[in-house]
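*Asks:* pasted the sequence and its predicted model underneath.
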Amino acid sequence: MAIAIIILLLVIGTVIFHFISPWWFTPLASNWSAIDNTVELTFWITGIVFVAVNVFLVYVIFRYRHKPGLKADYEPENKKLEGWLTLATTIGIAAMLAPGLYIWGQFVAPPDDSIEVEAVGQQWHWSYRFPGADGQLGKVDTRLISEDNPFGLDPSDPAGQDDILIFSNELVLPLDQPVKVLLRSKDVLHNFTVPQFRVKMDLVPGMLSSLWFTPTSVGAFDLMCEELCGIGHYAMRGRVVVKAQEDFDDWLARQVTFAQTQDRVAGDSALGRAHYQVCASCHGAEGEGNQALNAPRVAGQDIWYLRRQLHNYQQGVRGTAEGDQFGGQMIAMAGLVADEQSMQHLLAYIDTMPEPARATAEGNLNNGRQLYRNCVYCHGEQAQGIYHMNAPRLAGLEPWYLARQIGYFRDRIRGGHPDDFYGAQMSLLVQSLRSEEDIADIVAYINSLSAAD
């Protein structure tokens, strides 16, 4: 009797919890209400079966409980019962599958008036590409991916010259306009999921998959990767912002095309020397850095990373957080190379600087080696930095500066700005460093590495 009562209570509790549970769908913000209806239908069918089977089990336990003098009767076959059970199961499965197949037929057939956008996934970042005035996306090839061509567009394809490139993790879309999203991966399996849109699809390396939806609500919605794609999988976040058509058109008009990214004139190191004179007062004549002025070394650092940080200072992504007093000093300095060509000249000159001798750092190298295992996938085994992972070089950075930046990420002084996507990732990842000793140990280990090895 006790087991029958327990089963009955579990059934009643499960049904009550289903209806009062706070864990339910996010508010719908697309045209796919049919997917909600299909899921709810599945809940009803499986729920009815769950209740019926368990109530029947309670009845059987009670009705045929042990009584002295009674003997069980063994009946191995009952064709009539088996027939009814087969029929009921077939009807239930068909009732669940048929609507899903019908909805799937709609899901893979986007409307003719859909706009196209390509979403590109890589560990652990999203970027996007819109067709230009010609309405066509240019050809791509992963073998063409480089620092100057991160999408791998074919420069010889005329259709790709006016493609609009979005280097941010934020995708902006127009309200009430069907959107077909083409999905491409640069490296491993990823998944494009926006819970409020009720859409998701895998990104498979070497293949082009797609999905479509119509945004029906203005706002910002989280974009997640729901395919385990590596150690930083949980930090692979993006955002879809839905705006009115006029606002979307204004935003799109401000973005750069592939042709514009390729028109950048190479920097002149001789001209860059003049630009660097202002920087030299803090960072040193040879870019060696100056701890007394809280200025890190810039010689030997990846040029693409320095460019990104200068842009971040100019746009207020860095240097504006409370507690970042030294970053705040850089905002005015970065403004001196506000035009792209001046920045190119400056970076070209920095690129000619010899790598200075590294400072020493004390710490437990064995513990640092263990802690660095979480970093190696992005920054490399020798902390040399990996461009395609958007991870800068760490080897050779001054221990005091590296420790301070880790502390900044841990305390959200860096990585807290909504546009600092990579900083936000780092803020999540450095939480594994639980003490100042851990930070000292990992800094000492990084300091023992050589990017040239």
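*Replies:* In hand now; what should we look at?

*Asks:* am I right that Phe192 falls within a strand?
*Replies:* Yes - looking at Phe192 with DSSP: H, G, I helix; E, B strand; the rest coil, it is inside a strand.

*Asks:* next, the contact list for it, please.
*Replies:* For Phe192, the residues meeting the contact criterion (C-beta atoms under 8 Å, 6 or more residues apart in numbering) are 119, 121, 181, 183, 199-203, 211, 223, 225. (Each C-beta comes from the backbone N, C-alpha and C, glycine too.)

*Asks:* out of those, which is nearest to Tyr387?
*Replies:* Closest approach to Tyr387 among these (C-beta to C-beta): Gly121, at 16.8 Å.

*Asks:* test my guess that that closest one contacts Leu223.
*Replies:* No - in this structure Gly121 lies outside contact range of Leu223 using C-beta atoms under 8 Å: 10.0 Å.

*Asks:* more crowded one of those two?
*Replies:* Set side by side, Gly121 and Leu223 show unequal neighbour counts under other C-beta atoms under 10 Å, the larger going to Gly121 at 26 against 20.

*Asks:* for His66, see how far away the residue nearest to the more buried one when sequence neighbours are not counted is.
*Replies:* Once flanking residues are discounted, Gly121 sits nearest to His190: 3.6 Å by C-beta to C-beta, 6 or more residues apart in numbering. Separation of His190 from His66 (C-beta to C-beta, to the nearest Å): 57 Å.

*Asks:* the residue nearest to Gly121: neighbour count?
*Replies:* 31.

*Asks:* ok, Gln309 next?
*Replies:* 18.

*Asks:* quick one, what contacts it?
*Replies:* Going by C-beta under 8 Å, 6+ apart, the list of residues near Gln309 reads Arg318.

*Asks:* what are the buried residues along the helix or strand hosting it?
*Replies:* Under the assignment given by DSSP states H and E, the secondary-structure element containing Gln309 is helix 303-314. Of the residues in helix 303-314, 303, 305-310, 312-314 count as buried by neighbour count, 16 or more other C-beta atoms under 10 Å.

*Asks:* what's the answer for stretch 391-402, then?
*Replies:* By 16+ other C-beta under 10 Å, the buried positions in stretch 391-402 come out as 391-399, 401-402.

*Asks:* so which of the residues you listed belong to helices?
*Replies:* Among the buried residues of stretch 391-402, DSSP state H puts 399, 401-402 in helices.

*Asks:* closest to His125 among those residues?
*Replies:* His125 lies nearest to Leu402 out of those, by C-beta to C-beta, at 22.6 Å.

*Asks:* mind checking pLDDT for that closest one?
*Replies:* pLDDT for Leu402: 92.

*Asks:* reformat the buried residues of helix 303-314 as JSON lines; add distance to Glu147.
*Replies:* Conversion of these to JSON lines gives the following (distance: C-beta to C-beta, whole Å):
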{"residue": "Ile303", "distance to Glu147": "8"}
{"residue": "Tyr305", "distance to Glu147": "10"}
{"residue": "Leu306", "distance to Glu147": "12"}
{"residue": "Arg307", "distance to Glu147": "10"}
{"residue": "Arg308", "distance to Glu147": "11"}
{"residue": "Gln309", "distance to Glu147": "15"}
{"residue": "Leu310", "distance to Glu147": "15"}
{"residue": "Asn312", "distance to Glu147": "17"}
{"residue": "Tyr313", "distance to Glu147": "20"}
{"residue": "Gln314", "distance to Glu147": "20"}
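
*Asks:* pLDDT added to those residues, as a markdown table?
*Replies:* Supplementary listing: the buried residues of helix 303-314 in a markdown table, determined by pLDDT from 0 to 100:
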| residue | pLDDT |
| --- | --- |
| Ile303 | 88 |
| Tyr305 | 91 |
| Leu306 | 92 |
| Arg307 | 89 |
| Arg308 | 89 |
| Gln309 | 91 |
| Leu310 | 91 |
| Asn312 | 90 |
| Tyr313 | 90 |
| Gln314 | 90 |
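
*Asks:* quick one on the thing from earlier: and which of the ones in helices among the buried residues of stretch 391-402 is nearest Phe17?
*Replies:* Leu402 (49.2 Å).

*Asks:* in terms of helices and strands, where is the closest residue to the closest one other than its chain neighbours?
*Replies:* In space, Leu402 comes closest to Val443 once its chain neighbours are excluded; the distance is 5.1 Å by C-beta to C-beta, 6+ apart. When elements are assigned from DSSP H and E, Val443 belongs to helix 436-447.

*Asks:* tell me what that helix is packed against?
*Replies:* Under the contact definition 3 or more C-beta pairs under 8 Å, 6 or more residues apart in numbering; DSSP states H and E, helix 436-447 sits against helix 365-372, helix 399-410.

*Asks:* alpha carbons of the first one, as CSV, please.
*Replies:* The reference is to helix 365-372. These are the backbone C-alpha positions of helix 365-372, laid out as CSV (Å, rounded to 0.1, in the frame of the first residue of the first chain):
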residue,chain,number,x,y,z
LEU,A,365,55.3,27.1,-11.7
ASN,A,366,53.7,23.7,-11.2
ASN,A,367,50.5,25.2,-10.0
GLY,A,368,50.7,27.9,-12.8
ARG,A,369,51.1,25.1,-15.4
GLN,A,370,47.9,23.5,-14.2
LEU,A,371,46.0,26.7,-14.1
TYR,A,372,47.2,27.7,-17.6
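
*Asks:* and it, average pLDDT?
*Replies:* Per-residue confidence for helix 365-372 averages out to 92 on the pLDDT scale.

*Asks:* list the buried ones in that helix?
*Replies:* Neighbour-count burial for helix 365-372, counted by 16+ other C-beta under 10 Å, picks out 365, 367-369, 371-372.

*Asks:* how far away is Arg297 from Arg318?
*Replies:* With C-beta to C-beta as the criterion, Arg297 and Arg318 are 17 Å apart.

*Asks:* sorry, slip of the keys, the one I care about is Leu57.
*Replies:* For Leu57, the distance to Arg318 equals 62 Å [C-beta to C-beta].

*Asks:* same question for Ala94.
*Replies:* Relative to Arg318, Ala94 is positioned 58 Å away (C-beta to C-beta).
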